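Trainee: Got a predicted structure here, sequence first:
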Amino acid sequence: MKRLKKFLLLLAAVPVIAFASEAEVHLDKAPVNLSDQDSLQRGARMFINYCLNCHSAASMRYSRLQDIGLTEEQIKDNLLFTAEKPGELMKVGMTRADAKLWFGATPPDLSVIARSRGADWLYTYLRGFYRDPSRPTGWNNTVFDKVGMPHVMWSLQGEMQPVYKKDGEHEVVERLELVKPGSVTLAEYDAMVGDLVNYLVWMGEPGQVQRKQIGLIVLAFLAVFFVFAYYLKKEFWKDVH
């Protein structure tokens, strides 16, 4: 019985320990706006060009991009690189065996990564890569230390170098400095990452905008119905003492 109690106490403490370990990482606020279709379309283009080469989104069909304002012709002409029809799922051509051989592990599916990690985590992570010669890929990350993923968008952002500071007996990354410019400015890169994260949030639950709109309509209906129900109740009970 004592062992069971100890196990339950340890199990209850796990979320607290995990939260404490992640609380040290500062996360920047992601500019998420699911009503901005232009941003979602730019994010979809970023996702297909830079993420879908290694990561799949097997719960999403290309045809669903019509929900963010793209036509079927636009999808066919500009976004079908790994598929033949808009109704197909967003899968990659790379096999799991090749992925494990090249990266050491199969890259995770990104269908619900925004719901798993959170928009702020993704936004900070995608802007937190820096050069690290000690890593196999030559890259590390301020949010995900010793990350196995290379910086696939380095040509856009450029090469960042860490500036360290003392934290007790250890050195930690205080900030990143640009040492080799990319094809866009840092502000433009941040905006592109914001669009990508915005799309990832939408992809995690494409129906959430419609769901919230329906929810507001239902609440408004209930509010109006409550008024009628209240006066109807008064009318029925007015002669009861």
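Mentor: Sure thing, it's come through.
Trainee: in a strand, that's where Val201 is, yeah?
Mentor: No - looking at Val201 with DSSP: H, G, I helix; E, B strand; the rest coil, it is helix, so not inside a strand.
Trainee: tell me the contacts of it?
Mentor: The contact partners of Val201, by Cβ atoms under 8 Å, 6 or more residues apart in numbering, come to 30, 32, 34, 114, 119. All C-beta atoms are positioned from the backbone trio N, CA, C, and that covers glycine.
Trainee: now those as TSV including secondary structure?
Mentor: Output for those, formatted as TSV (three-state DSSP):
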residue	secondary structure
Ala30	coil
Val32	coil
Leu34	coil
Ala114	helix
Ala119	helix
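Trainee: Tabulate these (TSV), appending distance to Val92, pLDDT and neighbour count.
Mentor: TSV is the format used below for the contacts of Val201 (distance: Cβ to Cβ, whole Å; pLDDT from 0 to 100; neighbours: other Cβ atoms under 10 Å):
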residue	distance to Val92	pLDDT	neighbour count
Ala30	25	97	22
Val32	25	96	19
Leu34	25	95	17
Ala114	19	96	23
Ala119	23	97	20
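Trainee: quick one: which of the residues you listed is nearest Cys51?
Mentor: Ala114 (12.1 Å; Cβ to Cβ).
Trainee: give the contact list for Gln208.
Mentor: 34, 202.
Trainee: Could you check how far it is from Gly158?
Mentor: 34 Å (Cβ to Cβ, to the nearest Å).
Trainee: Just give the number of residues close to Asn198.
Mentor: Asn198 has 25 neighbours, counted by other Cβ atoms under 10 Å.
Trainee: From Ser39, how far off is it?
Mentor: From Asn198 to Ser39 the distance is 5 Å (Cβ to Cβ).
Trainee: shared neighbours of these two, anything?
Mentor: Asn33.
Trainee: In a markdown table, list the contacts of Val201 along with distance to Ile214.
Mentor: Formatted as a markdown table, those follow (distance: Cβ to Cβ, whole Å):
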| residue | distance to Ile214 |
| --- | --- |
| Ala30 | 25 |
| Val32 | 20 |
| Leu34 | 15 |
| Ala114 | 21 |
| Ala119 | 23 |
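Trainee: If we only consider these, which is nearest to Gly182?
Mentor: Top of the list for closeness to Gly182, among the contacts of Val201 and by Cβ to Cβ, is Ala30 at 20.5 Å.
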